[in-house]
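[1] curious how this folds, go ahead:
(chains A and B)
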Amino acid sequence: MTADLGELYQEVILEHSKAPRNYRKPADANQEAEGYNPLCGDRCTVYINMDGNAIRDIAFQGSGCAISRASASMMTQMLKGKTKEEAAELFEQFHRLVTGEKESVEKASELGKLAVFSGVSKFPARVKCATLAWHTLQSALEGKKEPVSTETESSS
Amino acid sequence: MTTLANPVKFSTAGSAKGAAQTINPLDLKKIRADFPILAQRVHGRKLVYLDNAATSQKPRAVIDAIVRYYEQDNANIHRGVHALSVRATEAHDGARETVRQFLNAGSTKEIVFVRGATEAINLVAQSYGREHVGAGDEVLITAMEHHSNIVPWQILCEEKCARLKVAPIDDRGQLRLDEFARLIGPRTKIVAVTHVSNALGTVNPLREMIELAHEQGVPVIVDGAQAVPHFAVDVRALDCDFYAFSGHKVYGPTGIGVLYGKAALLDAMPPYQGGGDMISSVTFEKTTYNSLPHKFEAGTPDIAGAIALGAALDYVSELGIDNIAAHERELLDYATEKVGSLPGVRLIGTADERVGALSFVVDSVHPHDLGTILDREGIAIRTGHHCAQPVMDRFGVPATARASFAIYNCREDVDALVNGIRAAREVFA
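    As a prediction, this is how the structure comes out:
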């Protein structure tokens, strides 16, 4: 495996893709949204249980590649207990990380475990895989009715 | 015209001296050298291009034809008396004649230049379709169509309150011919079918299908985008009413394609677009449309594209389409055996008659991840739904990996693919 591939498919990512966390549909979810990548057919549904402004529980289901599954899995781990605003800020930083904006690499420590996705920036064709769950989350938080598509979203 | 204009194409397997020979390694080396793009390295590895069903690479002859046109002959056609316009017009007309010969059409009137197979199908749907399909009528397609042979008919059916009927395929990706026959009824106004499935490589029994439709008096439009690069197509022997293909899949440039249509049908159809070139006279009171095929070619066409498509078809004819077919047959058999026998690999589409493409899924490796890992080895394949989502749904997979072949591919390319799949399985073991 080349160095680039090693950075993309880090052990943590492979592990999450094989055994995704919070892969379920919570009975008490009060917000949910569907995400879809029409270019590759990946699908993702994010379920949230909001307690006021805080994410009490978050889970997902869907089908997709290793990057999209691992990203969704780790996103749900990171966001439990966070507020809507904190979640939006994390997405912003995550997006900058995977698109290779320089300053975000320096800020990667704030992203905690999500920093393992920095390798995605060398694979522009895979950025949408890494962000599908996050776009879907954003849609769920905003209570959008229409499924979100990676091809109609603005860049973040 | 009854003479065989293209003897290479008509060297049938039945005649001993015309039997197609597999291209030997020496020829293949020479052929590969005709394609400048193949000489490059990708991620430090030799490029292995196995995404030919998406688009083929271009031989030097095609690239040169484009350069030569713009350097020497560029002018608008059918309107200037000056030397350049005459040369450009002659070259453009010549390309149309080349296409006619390639498809064995009866007349260049029946060869309409369009942007690609997609536009050709839209042209028929919007012109012939809008005239002949009404409320309660039916358009029949198959379950293996590319989106480009589904959506134009959906748009038409929606507008006309007509119904889109879909002939099913079996578990191996073959058309259920009995069901197809059953679905052609008194309300069927058009049958639109692919010659070869882009996602599965299945070759449809087109002769039988066309006969069945014609027995009920229904015209047939064929999407030939995945057929024309791989074997000889004779529109008169098929007796199809319309035949569409794209130049870029048969070694020509993007942006140019062909609609063949029987002259009687084209003649009776209303224009698709209005503009210059498609008229013979215009006043504010009345416009008289130009003769075929110009009636369907509004505006300045892709002149360089048409000429380069002619060069691409000449290139194919020089190699011999039957030789190409034999080489690709051998390669697809080799790939099917090698990839199909890998542990954890499931072939999607195992029809008796297949050309061009091998679709598969690998246990525990999503096609997208496989595509990325292969790319780092310099191997280009397509991963995804191949613009044929109903086919993916039929096989219960969100996506597949597809390796597709062209004249310049060799066994080493297949071996590289096999090694790449093995490496990917190790990553996800």
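[2] interface residues of chain A facing chain B?
    Within chain A, the positions lying close to chain B (Cβ under 8 Å from any Cβ of the partner chain) are A:1-2, A:4-5, A:8-9, A:14, A:17-18, A:39-43, A:63-68, A:123, A:125-126, A:129. Bear in mind the C-beta positions are built from the backbone N, C-alpha and C, glycine included.
[3] what segments of the stretch 51-200 of chain B are helices?
    B:60-68, B:83-103, B:117-124, B:130-132, B:151-160, B:177-183 (DSSP state H, counting those that start in this stretch).
[4] can you check chain A too?
    Assigned by DSSP state H, chain A shows helices spanning A:3-8, A:11-18, A:66-79, A:84-98, A:102-106, A:127-141.
[5] report the mean confidence score over the fifth one.
    The one in question is helix A:102-106. Helix A:102-106 shows a mean pLDDT of 60.
[6] also the third one?
    Averaging pLDDT along helix A:66-79 gives 96.
[7] ok, back up a step: and of the helices of the stretch 51-200 of chain B, who's closest to residue B:258?
    Minimum separation from residue B:258 across the helices of the stretch 51-200 of chain B (Cβ to Cβ) falls at helix B:83-103, 5.5 Å.
[8] who's in contact with the residue of chain A found nearest chain B?
    Nearest to chain B, among the residues of chain A, is residue A:65, at 3.7 Å (Cβ to the nearest Cβ). Contact analysis of residue A:65 by Cβ atoms under 8 Å, 6 or more residues apart in numbering or on different chains lists A:17, A:40, A:42, A:126, A:129, B:366, B:367, B:368, B:369.
[9] tell me the pLDDT of residue A:93.
    92.
[10] isn't residue B:424 up against residue B:369?
    Yes - the pair residue B:424 and residue B:369 qualifies as a contact (Cβ atoms under 8 Å) at a distance of 6.9 Å.
[11] those two: who's more crowded?
    More crowded of residue B:424 and residue B:369, by other Cβ atoms under 10 Å in any protein chain shown: residue B:369, with 29 against 26.
[12] for residue B:91, see how far away residue B:69 is.
    As judged by Cβ to Cβ, to the nearest Å, residue B:69 and residue B:91 stand 7 Å apart.
[13] surely residue A:95 touches residue A:131?
    Yes - contact criterion Cβ under 8 Å: residue A:95 and residue A:131 qualify, at 6.2 Å.
[14] looking only at neighbour counts, state which of the two leads.
    Per other Cβ under 10 Å, whichever of residue A:95 and residue A:131 has more neighbours is residue A:131, with 29 against 18.
[15] dump the residue contacts of the more buried one.
    Residue A:131 neighbours (Cβ under 8 Å, 6+ apart): A:71, A:94, A:95, A:98, A:150.
[16] show the pLDDT at it.
    What the model reports for residue A:131 is a pLDDT of 96.
[17] any idea how far chain A is from the closest residue to residue B:379 other than its chain neighbours?
    Once flanking residues are discounted, residue B:379 sits nearest to residue B:48: 4.3 Å by Cβ to Cβ, 6 or more residues apart in numbering or on different chains. According to Cβ to the nearest Cβ, to the nearest Å, residue B:48 and chain A sit 15 Å apart.
[18] right, and residue B:189 touches residue B:137 too?
    Yes - counting by Cβ under 8 Å, residue B:137 is a contact partner of residue B:189 at 4.7 Å.
[19] any common contacting residues for those two?
    Residues touching both residue B:189 and residue B:137 (Cβ under 8 Å, 6+ apart): residue B:162.
[20] point out where the chain drops to low pLDDT.
    Since you didn't name a chain, this refers to chain A. Chain A contains residues with pLDDT under 70 at A:102-109, A:145, A:152-156.
[21] to clarify, I was referring to chain B.
    Scanning chain B for pLDDT under 70 picks out the ranges B:1-26.
[22] quick one, domains of it?
    B:16-50+B:320-427, B:63-317 (automatic domain parsing).
[23] of all the ones you listed, which lies closest to residue A:78?
    domain B:16-50+B:320-427 (22.4 Å).
[24] next up, the contacts around residue B:253.
    Counting by Cβ under 8 Å, 6+ apart, residue B:253 has contacts B:58, B:62, B:66, B:247, B:304, B:305, B:308, B:309, B:312.
[25] for residue B:110, state which of those is nearest.
    Lowest distance from residue B:110 to the contacts of residue B:253 (Cβ to Cβ) belongs to residue B:309, with 16.0 Å.
[26] circling back to that earlier point, any common contacting residues for residue B:69 and residue B:91?
    Common neighbours of residue B:69 and residue B:91, using Cβ under 8 Å, 6+ apart, are B:303, B:307.
[27] and residue B:408, which of the three is it?
    Here residue B:408 takes the coil state, with states given by DSSP: H, G, I helix; E, B strand; the rest coil.
[28] measure the residue nearest to residue A:147 when sequence neighbours are not counted to residue A:79 for me?
    Counting by Cβ to Cβ, 6+ apart, residue A:34 is the residue found nearest to residue A:147 once chain neighbours are left out, at 3.9 Å. For residue A:34, the distance to residue A:79 (Cβ to Cβ) stands at 18 Å.
[29] those two: which has the busier surroundings?
    Neighbours per residue (other Cβ under 10 Å) separate residue A:34 from residue A:79, with residue A:79 holding more: 23 against 19.
[30] pretty sure that one contacts residue A:137?
    Yes - counting by Cβ under 8 Å, residue A:79 touches residue A:137, with 7.4 Å between them.
[31] shared neighbours of these two, anything?
    Residues touching both residue A:79 and residue A:137 (Cβ under 8 Å, 6+ apart): A:58, A:87.
[32] one step back: export the helices of chain A as a markdown table, with columns for distance to residue B:325.
    Shown next, in a markdown table, are these (distance: least, Cβ to Cβ, whole Å):
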| stretch | distance to residue B:325 |
| --- | --- |
| helix A:3-8 | 37 |
| helix A:11-18 | 41 |
| helix A:66-79 | 38 |
| helix A:84-98 | 45 |
| helix A:102-106 | 52 |
| helix A:127-141 | 38 |
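[33] ok, which of the ones you listed comes nearest residue B:340?
    Among those, helix A:66-79 sits nearest to residue B:340 (Cβ to Cβ), with 23.8 Å.
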